[in-house]
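>>> show me the folded form of this:
(one chain, ligands or ions: 1)
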Amino acid sequence: MKTPVANPPAVSHALRCIHCGAKEERPGPAFRCSHCAELLEVVYPAWSGAPREFALRLKEIWKERKASPLPENSSGVWRFRELLPEVEARHMATMGEGNTPLLSLEKCARSLRLPHLLAKHQGMNPTGSFKDTGVSLAISMARSAGFSCVCCASTGNTSASVAAYAARAGLKSVVLLPAGQVASGKLAQALEYGAQVLELRTDFDGCLKILHEVVRHFPACLLNSVNPYRLEGQKTMAFELMEQVDWRAPDHVIVPGGNLANGSALGKGFLELRELGLIDALPKLSIIQAAGANPLVRTMRENDGRELVRVNPETKATAIRIGNPASWRKAVAVLKSTGGACEDVSEDEIAKAKAELGADGVGCEPASAATLAGLKKLVRSGFVKPGETVVLVLTGHILKDLDYMRESQNVSLGPIEAEAVEVIKVLERTEQLGTLEKSHAKN
Ligand code: F0G
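Numbering: from 1, shown residues only. Sure thing, here's the model as predicted:
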């Protein structure tokens, strides 16, 4: 007979500096350590020595909740609330975030000779990017703390997500964007959801620096990923993914890197699952950057992750156009503890990878396609071995960045006469061209 195990209790959390280890009782507006100014992370002291039954019971509870219509159970974030900071249900800002599909990429897998290549499509979140999981939690914490205004600097997706969740939570939102460097779909979202949008004559790093100053004098809760609660929400993707693969870790998980919070959050999630005994092995978590915005790659190559090498960022994958990433220390720690790699990829490699994902029927924004471009490099270098299972994290929806697609591959034939005979002529011509191309390729 199965021994009944009590439901795991809600756990209290603490904030701890990732560098000097000091506990922070009352974080300042920039969420930095008051001793050494480094980033903070959320820790759960009550977990140490948690019995094995705790882990097994969690798997059951999480599965049972999937069938529940209650928002706190159907959300792909709050379903995992035993491993999150405690928030009263009335403060939860949720729109059913998470719950994203794990898709197989068959053509891409064949061309890379990999047996299992999967895409965890975070672009299927309510506002079209992975940001929603972290923002759902961070906004709920801001609401619990009594804030009436939230703010962020953004390359676009965070601003869309913050604006939407703030609107749902009845809070005002202010977003600082690098003028002229944000894909128009993302800007339109922030405006539509009613954020106060300020476009500054600087890049993302400049916007974030200014926002740090603003929150010292203006009562708004900072929702960039320096806010450690963002990472707590984002780490739930690691839980959801493991549940989807029946708690058997894939060999590799690959994410794009910008401000470096997402890779850090997923790594934290995997490490916590292992600490609690929910998984036995860790996936290697690798981070891919654009070659023109590769501070982490340079930091690892040039000094093995000890000192950040800042760069002047330039890439058409504007989501990851970041030269001074806030979470670099957390990302270095995750690369080292999971044994992951860090690579950069060219603009052409990103564009090609995006088209290849498209040929598998899976759309995403350019930053997300960097993962496939990076995987190809990691297969060539032998880091990813034949027979291994790989999961690419696609971070944003294809419709976020239409300008990119218009400018790159998709050249339309232009309007033709509205006659079936004209349509057939074009179809026959393209078929002939295809046959010609094939015979050229053979010769
Ligand atoms: N992919 C997409 C689509 C993004 O929007 C971002 C970051 C990343 C990857 C990189 O994630 O910063 O955690 O390493 N976008 C932020 C924003 C910076 O403001 O929307 P990261």
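>>> who in the stretch 1-150 of the chain is up against the ligand?
Contact residues (Cβ under 6 Å from any ligand atom) of the stretch 1-150 of the chain with the ligand: S129, K131. Placement of C-beta: from N, CA and C, glycine included.
>>> quick one: the strands in the stretch 1-150 of the chain?
Secondary structure of the stretch 1-150 of the chain by DSSP state E, counting those that start in this stretch: the strands cover 14-17, 40-43, 102-104, 116-121, 149-153.
>>> now do the strands in the stretch 301-443 of the chain.
Listed in chain order, the strands of the stretch 301-443 of the chain (DSSP E, counting those that start in this stretch) span 342-345, 389-394.
>>> can you put those in a markdown table and add mean pLDDT?
Below are the strands of the stretch 301-443 of the chain laid out as a markdown table (pLDDT from 0 to 100):
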| stretch | mean pLDDT |
| --- | --- |
| strand 342-345 | 98 |
| strand 389-394 | 98 |
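>>> out of those strands, the one nearest M141 is which?
Smallest distance to M141 across these (Cβ to Cβ): 23.9 Å, for strand 389-394.
>>> ok, back up a step: deepest of the strands of the stretch 301-443 of the chain, which one?
Highest mean neighbour count of these: strand 389-394, a mean of 26 (counted as mean count of other Cβ atoms under 10 Å).
>>> restricting to C-alpha, output that one in CSV.
Extracted in CSV, the C-alpha atoms of strand 389-394 (Å, rounded to 0.1, in the frame of the first residue of the first chain):
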residue,chain,number,x,y,z
THR,A,389,19.1,14.5,-27.6
VAL,A,390,19.0,18.2,-28.0
VAL,A,391,16.3,20.8,-27.1
LEU,A,392,16.5,24.3,-28.6
VAL,A,393,14.7,27.0,-26.7
LEU,A,394,12.8,29.2,-29.2
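>>> other residues contacting it?
For strand 389-394, the external contacting residues (Cβ atoms under 8 Å, 6 or more residues apart in numbering) are 102, 105, 114-123, 130, 237, 241, 250-256, 262, 266, 283, 357, 362, 364, 368-369, 371-372, 375, 384.
>>> now, those residues that are in helices?
Per DSSP state H, helices hold the following members of these: M237, L241, N262, L266, L357, S368, A369, T371, L372, L375.
>>> which one of the residues you listed sits closest to H217?
When the ones in helices among the contacts of strand 389-394 are compared for distance to H217 (Cβ to Cβ), N262 wins out at 29.5 Å.
>>> hmm, which of the contacts of strand 389-394 are the buried ones?
Buried members of these, counted by 16 or more other Cβ atoms under 10 Å: 105, 114, 117-123, 130, 237, 241, 250-256, 262, 266, 283, 357, 362, 364, 368-369, 371-372, 375, 384.
>>> give me the below-cutoff pLDDT ranges for the protein.
Applying pLDDT under 70 to the chain flags the ranges 1-11, 409-413, 435-443.
>>> how about the residues of the stretch 151-300 of the chain near the ligand?
Residues of the stretch 151-300 of the chain lying close to the ligand by Cβ under 6 Å from any ligand atom are 154-158, 225, 256-262.
>>> which of those fall within strands?
Judged by DSSP state E, these include P256 as members of strands.
>>> tell me what the closest residue to L223 other than its chain neighbours is bridged to.
Residue nearest to L223 in three dimensions, not counting chain neighbours: C152, with 4.5 Å by Cβ to Cβ, 6 or more residues apart in numbering. Here C152 sits in beta bridges with V175, as judged by DSSP bridges.
>>> hmm, C152 is touching L211, no?
Yes: using Cβ atoms under 8 Å, C152 makes contact with L211 at a distance of 7.2 Å.
>>> overlap of the contact sets of the two?
Counting by Cβ under 8 Å, 6+ apart, the common neighbours of C152 and L211 are L176, L222, N224.
>>> since we're on the second one, how many residues are nearby?
Burial of L222 is recorded as 24 neighbouring residues (other Cβ atoms under 10 Å).
>>> who's it bridged to?
Counting by DSSP bridges, L222 is bridged to C151.
>>> residues contacting it?
The neighbours of L222, taking Cβ under 8 Å, 6+ apart as the test, are P29, A30, F31, V150, C151, C152, L211, H212, V215.
>>> kindly report the same for the last one.
Residues in contact with N224, defined by Cβ under 8 Å, 6+ apart, are C152, A153, S154, T158, L208, L211, R230, N259, A326.
>>> how about the second one, what does it touch?
Contacts of A153 were listed using Cβ under 8 Å, 6+ apart, and they are V175, L176, L177, F204, C207, L208, I210, L211, N224.
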